[in-house]
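Colleague: I'll drop the sequence and a predicted model, then ask my questions.
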Amino acid sequence: METVLARGGNFRYKEGMLGMNWKMAAVVCAILCASGMAGRIALAEGASKAKAVKGNAEDAAFQLIYKADEVWRRAQRGNVSKEEEKKRLPPAHLEHVDAATQAKALAHWGKVLADLKSVDMQKLSKEERLNFEVYRAQIVVERNAVRFKEYERPVNSDSQFWGFLAPLDARGFRTEEHYRRYLSRLRDVPEFFDENMANMRAGMARGFTPPRVTLERRDQGLKDVVNAKDAQATSFWKPFVAMPSFIPAAEQEKLKAEAEDVITHSVMPAYAKVLKFFDEEYVPHTVTELAAESLPDGKAYYESLILEYATVCDAANAGPSPSATPAITLRANVYNNVRQSSPIRTFSGIGAGK
């Protein structure tokens with residue numbers, strides 16, 4: 001099993017907002033706090049060590065669960081298949097974030113947790129026991145995020161759903177297919193933004209928003225796009241400034257024309273729509289309290305955040321508990337694996353089952 005852990009957010013195929021939207025295991029945050037490391041890290045057992053001990057039925061049962069989960073994740077819009085991943089292709093579409101999609105995700109995470117309860121952790125091999133603990137923690141975090149409808153506030157002080165859509169440069173664009181998929185994702189921007197705004201309105205209606213003070217000047221990224229004089233002045237044009245020479249000149253011009261059209265008539269209007277909504281409708285109606293406990297179902301929500309960021313959990317129920325102690329053993333196990341991994345390696349995904 002290949003386990004990917006990253007701090008403070010999601011695991012993605014990064015070329016803007018490209019794909020696999022997987023939240024981290026809580027234990028990684030604790031390790032980072034303990035070690036003073038910042039940013040994202042990836043931690044995994046080597047492939048040879050991650051294979052189940054031959055004949056271990058409990059390992060096989062666990063592997064069936066995480067392999068099935070991987071199949072489900074890859075099937076969601078905004079992700080890539082194994083074949084696409086081997087070709088290093090990004091997703092062809094942005095993810096769906098609407099309430100119906102979230103409900104399906106909640107049902108999925110609930111089923112995974114129910115399936116995990118059937119696994120006797122004590123019968124797992126040493127490697128898969130560690131994978132089990134980390135994997136279950138990840139699934140609990142995923143389940144809690146949807147359960148408490150975190151998707152209804154996709155904007156905070158350090159990240160916004162309209163960010164990370166534009167690539168930094170053209171280094172990730174290796175073939176015409178990369179450009180085609182990029183244009184396809186740009187065409188999804190209006191729908192993606194509309195789904196996020198609908199979620200934000202639902203959160204606003206029940207008092208579930210970020211504190212107003214944390215949103216000051218967070219609209220600058222929107223303004224940068226809206227106030228650009230034309231498509232070529234936006235950050236979305238960067239991949240077209242110096243295109244790979246092996247793409248025929250005629251095809252380059254065709255791709256540039258398509259890009260200019262979609263940025264001008266889809267992307268920039270979508271940003272203008274969100275800017276108006278954010279400044280005039282959303283921010284004026286956000287909450288002023290800073291404490292998470294003041295939000296709807298605040299105490300339980302705050303406990304779920306403790307589980308995610310402090311690795312405090314109820315091992316029996318795989319859920320948050322205010323009286324539980326830190327998962328010291330799990331932290332120590334993962335820390336030992338970090339020390340033994342030199343250099344630290346990044347693997348392609350969780351539950352790849354190699």
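Modeller: On my side now, so go ahead. Note that the structure is predicted; figures quoted are calculated from it, not measured. Residues are numbered from 1 along each chain as shown.
Colleague: contacts, neighbours, all on C-alpha from now
Modeller: OK.
Colleague: quick one, strands of the chain?
Modeller: For the chain, the strands defined by DSSP state E occupy 10-11, 22-23.
Colleague: State the mean pLDDT of the first one.
Modeller: Average pLDDT, strand 10-11: 34.
Colleague: distance of residue 227 from residue 198?
Modeller: Shown here: residue 227 relative to residue 198, a distance of 24 Å by CA to CA, to the nearest Å.
Colleague: cool, and residue 80?
Modeller: The gap separating residue 80 from residue 198 is 26 Å, by CA to CA.
Colleague: what's the answer for residue 282, then?
Modeller: Using CA to CA, we find residue 282 at a distance of 11 Å from residue 198.
Colleague: hmm, back to that, more neighbours: which of residue 80 and residue 198?
Modeller: Neighbour count, other CA atoms under 10 Å: between residue 80 and residue 198, residue 80 has more, with 23 against 15.
Colleague: So that one is in contact with residue 74, correct?
Modeller: Yes. Applying CA atoms under 8 Å, one finds residue 80 in contact with residue 74, separated by 5.6 Å.
Colleague: Point out where the stretch 1-150 of the chain drops to low pLDDT.
Modeller: 1-55 (pLDDT under 70).
Colleague: which residues in it form helices?
Modeller: Secondary structure of the stretch 1-150 of the chain (DSSP state H, counting those that start in this stretch): helices at 26-35, 47-50, 57-75, 82-86, 99-116, 126-147.
Colleague: need the ones you listed in JSON lines with mean neighbour count and distance to residue 278, can you?
Modeller: JSON lines is the format used below for the helices of the stretch 1-150 of the chain (neighbours: other CA atoms under 10 Å; distance: least, CA to CA, whole Å):
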{"stretch": "helix 26-35", "mean neighbour count": "20", "distance to residue 278": "31"}
{"stretch": "helix 47-50", "mean neighbour count": "14", "distance to residue 278": "46"}
{"stretch": "helix 57-75", "mean neighbour count": "17", "distance to residue 278": "31"}
{"stretch": "helix 82-86", "mean neighbour count": "12", "distance to residue 278": "35"}
{"stretch": "helix 99-116", "mean neighbour count": "16", "distance to residue 278": "20"}
{"stretch": "helix 126-147", "mean neighbour count": "21", "distance to residue 278": "23"}
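Colleague: Residue 110 touches residue 143, doesn't it?
Modeller: Yes. If you go by CA under 8 Å, residue 110 and residue 143 touch, sitting 6.8 Å apart.
Colleague: Might you report the residue contacts of residue 171?
Modeller: By CA atoms under 8 Å, 6 or more residues apart in numbering, the contact set of residue 171 is residue 239.
Colleague: give me phi/psi at it?
Modeller: In terms of degrees, to the nearest 10, the main-chain angles of residue 171 are phi -60, psi -30.
Colleague: in terms of contact, does residue 207 touch residue 288 like I think?
Modeller: No. Contact between residue 207 and residue 288 fails when scored by CA under 8 Å: they sit 10.1 Å apart.
Colleague: And residue 144, how close does it get to residue 113?
Modeller: 12 Å.
Colleague: just residue 304 next, same as before
Modeller: To residue 113, residue 304 is 16 Å away according to CA to CA.
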